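S.K.: sequence and predicted structure below; questions after.
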Amino acid sequence: MTTNANLLLDDFVGVDPATGATIRGEAHLRVCLGAILSTLIGSLVMDRDFGSKTRARMDAPINLDTVADIVADTAVAVRRWEPRVVLKRVVVQGAQVGSLSVDLVVAVFGRTIILEGVV
């Protein structure tokens, strides 16, 4: 039996949604986190709770309150839906109405990983 302590980042295996190719490690983690953050809560018929409010904030006026909401929404969603990581930092880049980029700093089994442009 494999425990979390015995897992490595390369043990995370999935499918690239754009190509259908097998992906591992950071690439798989990026796809999973991107799916969580880009899926609006309530939009999946079989799991209405899945997703985050992050994308819904894109059309809000960009100010400090909106950026704080994006950070909070991202933290809540990552904590709920991706138990393999510990979220260390959320960085909102290039925020303007209709467009934003979210970078994440996460820890996976004690290793810090910077994922740029997850959203």
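M.R.: Received the coordinates, thanks.
S.K.: quick check, Val90 in a helix?
M.R.: No. Using DSSP: H, G, I helix; E, B strand; the rest coil, the assignment for Val90 is strand, not a helix.
S.K.: surely Lys53 meets Gly42?
M.R.: No. In this structure, Lys53 is not within contact of Gly42 by Cβ atoms under 8 Å, at 10.0 Å. (Each C-beta comes from the backbone N, C-alpha and C, glycine too.)
S.K.: Ala72 sits in which helix or strand?
M.R.: Using DSSP states H and E, Ala72 sits in helix 64-81.
S.K.: show me what contacts Ile41?
M.R.: Ile41 is in contact with 48-53, counting by Cβ atoms under 8 Å, 6 or more residues apart in numbering.
S.K.: rerun that using 10 Å as the cut-off
M.R.: Applying Cβ atoms under 10 Å, 6 or more residues apart in numbering, one finds that Ile41 lies in contact with 47-56, 73, 77.
S.K.: what's the answer for His28, then?
M.R.: Listed by Cβ under 10 Å, 6+ apart, the contact set of His28 reads 9-16, 22, 84.
S.K.: top of those residues by number of neighbours, please.
M.R.: When neighbours are counted by other Cβ atoms under 10 Å, Phe12 leads the contacts of His28 with 18 neighbours.
S.K.: give me the number of residues near Pro83?
M.R.: 9.
S.K.: from Gly25, how far out is it?
M.R.: Between Pro83 and Gly25 the computed distance is 17 Å (Cβ to Cβ, to the nearest Å).
S.K.: I'd say Cys32 and Ala77 touch.
M.R.: No. Using Cβ atoms under 10 Å, Cys32 is not in contact with Ala77; the gap is 11.4 Å.
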